[in-house]
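*Asks:* Build me a model from this:
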Amino acid sequence: MTPRAADRARFDRATAHLDAPVAIVDLDAFDANADDLVRRAGGKPVRVASKSVRCRALLERVLAREGFAGIMSFTLAESVWLARSGFDDVLLAYPSADRAGFAELAHDPKLAAAVTVMIDDPAQLRLIDDARDGGREEIRVCLELDTSWQVLGGKVRIGALRSPLRTPSQLAELARTVGERPGFRLVGIMAYEGHVAGVGDSVAGRPLRSRAVRLMQAAARKELAVRRAEVVRAVRAVAPDLEFVNGGGTGSVQHTAAEDAVTEIAAGSGLYVPRLFDNYTSFSGRPAALFAQPVVRRPGVGVVTVLGGGYPASGAAGADRLPVPYLPEGLRYDPQEGPGEVQTPLLGAPADDLLIGDKVWFRHAKAGELCERFEVLHLVRGDAVTETVPTYRGEGYTFL
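*Replies:* I've put the predicted structure just below:
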């Protein structure tokens, strides 16, 4: 029996009492992945990206482990909810226009102390002030650095379109603006290098593209390390009490951690290891989060149909954004239908061994987005479900 066949057998045993669709997290894999993130971080604390987990129980589990500290959230409403739930260090990774959320922060000293908001424009400070509604609490602020790699005088740009702040002088100027504006305190800098952390460099069947990605990433890391250090020096000259400099992402943990200017690493997807993280030379994780759909039809030889399954991930549309049939090994989509909203035909020799009611296990393309489809996650240890915990959706929250 192959390791994957053994996994299928124990997942089926663990969930034999549960009807599909069903989602699980393999705790042995989850914990091993957490250990690997800590190892690669080389002694620097790992801040957990909540959008890649979207389950309070699992956030609590990983933050109880040595080497992890703090949450990186994705909306202000989520940040406030997490802070009210007892998480005392929440960094909002994106600017917000949630006026009601800012009013809550400005009126509640506990929330204001627990949540740090992201800015990259003085207009965002004005929006926060306009939203205070009389609240006087000091708002903790983090500046975001644009990490994109630009060559040929900026004619070629590789990286996410995020912050407009790129140079040391630009960040220092905004740091001065924050310092001069009553009601705000600058506490951090964030720089997410998505073109390094979120792009696989070993794509099966595409050796030339993989080599090009590795060359690009090596050059981008070198340029960013120099520029990030210069930015941190410039900002610390204005705000010497800066508490943290956050960088990284699952795919670049060890590289970012090697920079002296960086004080903490952000990561989250590396806990679940979705399919988009199969194509990396820098690390190898264990798939921890899976979902199963039930076989409901057998249309012919070499084909079965499962209920639902069309759970595409965000990002530029393409085959790599689709979930992948994982167990049993050897199943593939019908190219004319793909994964559907209400049914998904699957082709391949293993289909002939599947019976009506059997489970087919899938891996989502991304990590936390799986939780938007399920109200609970069944936590599996060995071949048994040890606990069932709600996702954000199961607690009644869909923040985006």
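*Asks:* All the helices of this protein, in order from the start?
*Replies:* Using DSSP state H, the helices found in the chain span residues 3-14, 27-41, 56-63, 76-84, 99-107, 109-114, 122-131, 168-180, 194-197, 207-238, 253-257, 269-272.
*Asks:* Can I get these in a markdown table including mean pLDDT?
*Replies:* Below are those laid out as a markdown table (pLDDT from 0 to 100):
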| stretch | mean pLDDT |
| --- | --- |
| helix 3-14 | 97 |
| helix 27-41 | 97 |
| helix 56-63 | 98 |
| helix 76-84 | 98 |
| helix 99-107 | 98 |
| helix 109-114 | 98 |
| helix 122-131 | 98 |
| helix 168-180 | 98 |
| helix 194-197 | 73 |
| helix 207-238 | 87 |
| helix 253-257 | 93 |
| helix 269-272 | 97 |
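*Asks:* which one of those lies closest to Gln343?
*Replies:* Proximity to Gln343 (CB to CB) singles out helix 3-14 among the helices of the chain, at 21.3 Å. Every C-beta, even on glycine, is put in place using the N, C-alpha and C of the backbone.
*Asks:* And the closest one, what does it pack against?
*Replies:* When contacts are defined as 3 or more CB pairs under 8 Å, 6 or more residues apart in numbering; DSSP states H and E, helix 3-14 sits against strand 22-26, strand 324-327, strand 359-363, strand 376-381, strand 384-390.
*Asks:* List the buried residues for that helix?
*Replies:* Buried residues in helix 3-14, counted by 16 or more other CB atoms under 10 Å: Asp7, Arg8, Phe11, Ala14.
*Asks:* Make a markdown table from the helices of the chain and add distance to Pro350 to it.
*Replies:* Listed next are these as a markdown table, based on distance: least, CB to CB, whole Å:
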| stretch | distance to Pro350 |
| --- | --- |
| helix 3-14 | 10 |
| helix 27-41 | 22 |
| helix 56-63 | 31 |
| helix 76-84 | 40 |
| helix 99-107 | 48 |
| helix 109-114 | 49 |
| helix 122-131 | 52 |
| helix 168-180 | 54 |
| helix 194-197 | 34 |
| helix 207-238 | 29 |
| helix 253-257 | 35 |
| helix 269-272 | 24 |
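*Asks:* Most tightly packed of these?
*Replies:* Scoring the helices of the chain by mean neighbour count under mean count of other CB atoms under 10 Å gives helix 269-272 as the most buried, with a mean of 28.
*Asks:* Excluding its own residues, what touches that one? List them.
*Replies:* By CB atoms under 8 Å, 6 or more residues apart in numbering, the residues outside helix 269-272 that reach it are 25, 30, 33-34, 36-37, 48-49, 52-53, 58, 62, 249-250, 253, 276-277, 283, 285, 287-289, 366-368, 370.
*Asks:* same thing but at 6 Å, please
*Replies:* Under the criterion CB atoms under 6 Å, 6 or more residues apart in numbering, residues Phe30, Asn33, Leu37, Ser52, Thr250, Gly285, Ala288, Ala289, Ala367 lie in contact with helix 269-272.
*Asks:* So the residue nearest the centre of the chain versus Asp98, what's the distance?
*Replies:* Geometric centre of the chain, nearest residue: Ser52, 3.3 Å, by CA atoms, centre = their mean. Distance check for Ser52 against Asp98: by CB to CB, to the nearest Å, it reads 21 Å.
*Asks:* How about Tyr272?
*Replies:* Remark: distance between Tyr272 and Asp98 (CB to CB) = 27 Å.
*Asks:* ditto for Leu331
*Replies:* According to CB to CB, Leu331 stands 42 Å off from Asp98.
*Asks:* Have a look at those two and say which one is more surrounded.
*Replies:* Leu331 (23 against 19; other CB atoms under 10 Å).
*Asks:* excluding its backbone neighbours, what's nearest the more buried one?
*Replies:* Leaving aside its sequence neighbours, Leu331 sits nearest to Pro325 (CB to CB, 6 or more residues apart in numbering; 4.0 Å).
*Asks:* One more: Arg286?
*Replies:* Closest residue to Arg286 apart from its sequence neighbours, by CB to CB, 6+ apart: Ala29 at 3.8 Å.
*Asks:* Gly330 contacts Ala351, correct?
*Replies:* No: Gly330 is beyond contact range of Ala351, at 8.7 Å (criterion: CB atoms under 6 Å).
*Asks:* More neighbours: these two, which one.
*Replies:* Each of Gly330 and Ala351 has its neighbours counted (other CB under 10 Å); Ala351 has more, 23 against 12.
*Asks:* any idea how far Asp334 is from the more buried one?
*Replies:* 11 Å.
*Asks:* tell me, which strand in this protein spans the most residues?
*Replies:* strand 289-300 (DSSP state E).
*Asks:* Now it: average pLDDT?
*Replies:* Mean pLDDT, strand 289-300: 97.
*Asks:* Give me the sheet partners of it and which way each runs.
*Replies:* Applying DSSP bridges, strand 289-300 is found paired with strand 22-26 (antiparallel), strand 303-307 (antiparallel), strand 359-363 (antiparallel).
*Asks:* Flag every buried residue along that strand.
*Replies:* By 16+ other CB under 10 Å, the buried positions in strand 289-300 come out as Ala289, Leu290, Phe291, Ala292, Gln293, Pro294, Val295, Val296.
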